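**Student:** Fold the following for me, if possible:
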Amino acid sequence: MGPLDNIVAGVAWLRQNAGLLRGKVVEPAVQNMDPKEQQELLERIQDTDEEEKYPLLFTFDFQEDMEEVFHNMAAEEDLRVNAMFLGRWVDSQ
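**Tutor:** All right, here's what the predicted structure looks like:
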């Protein structure tokens with residue numbers, strides 16, 4: 001399974017399990033690209049810095065959500081995806 005296959009399966013898993021999350025998740029931008037753009041991106045990022053990989057990232061509001069999703073995706077679906085969290089502050093009230 002390639003990176004795009006993992007992303008598509010990861011998006012489907014997230015949509016089915018959205019109730020597990022406290023915050024929002026921004027899905028990877030690559031899924032909205034046409035196939036030619038997707039292929040060009042994958043070729044370009046093979047030997048480049050992390051900033052170029054942004055279109056492949058799931059972006060989470062909360063680190064706990066990201067960790068929970070990663071654990072479940074890996075354990076249940078054997079998916080490998082990339083993510084980051086925005087570091088949202090949690091109000092202690």
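
**Student:** all strands of the chain, in order?
**Tutor:** Ranges of strands in the chain, per DSSP state E, are 25-26, 57-60, 82-85.

**Student:** So which elements touch the top helix by length along the chain?
**Tutor:** The longest helix of the chain (DSSP state H) is helix 3-16. The helices and strands touching helix 3-16, judged by 3 or more CB pairs under 8 Å, 6 or more residues apart in numbering; DSSP states H and E, are helix 35-45, helix 63-72. For glycine as for every other residue, the C-beta is placed from the backbone atoms N, C-alpha and C.

**Student:** Looking at those, which is nearest to residue 19?
**Tutor:** helix 63-72 (11.6 Å; CB to CB).

**Student:** returning to that earlier point: nearest to residue 1, out of the strands of the chain?
**Tutor:** strand 82-85 (14.3 Å).

**Student:** quick one on the thing from earlier: dump the strands of the chain to JSON lines, plus mean pLDDT.
**Tutor:** Shown next, in JSON lines, are the strands of the chain (pLDDT from 0 to 100):
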{"stretch": "strand 25-26", "mean pLDDT": "91"}
{"stretch": "strand 57-60", "mean pLDDT": "91"}
{"stretch": "strand 82-85", "mean pLDDT": "84"}
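
**Student:** I'd like those strands as CSV, with mean neighbour count and distance to residue 46 appended.
**Tutor:** Listed next are the strands of the chain as CSV, based on neighbours: other CB atoms under 10 Å; distance: least, CB to CB, whole Å:
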stretch, mean neighbour count, distance to residue 46
strand 25-26, 16, 24
strand 57-60, 20, 16
strand 82-85, 17, 14
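
**Student:** Redo those strands as TSV? Include distance to residue 72.
**Tutor:** Below are the strands of the chain laid out as TSV (distance: least, CB to CB, whole Å):
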stretch	distance to residue 72
strand 25-26	13
strand 57-60	13
strand 82-85	13
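
**Student:** Please identify the buried residues of stretch 22-29?
**Tutor:** Neighbour counts using 16 or more other CB atoms under 10 Å place 25, 28 of stretch 22-29 among the buried residues.

**Student:** who's in contact with residue 69?
**Tutor:** 13-14, 17, 20-21, 25, 58, 60, 83 (CB atoms under 8 Å, 6 or more residues apart in numbering).
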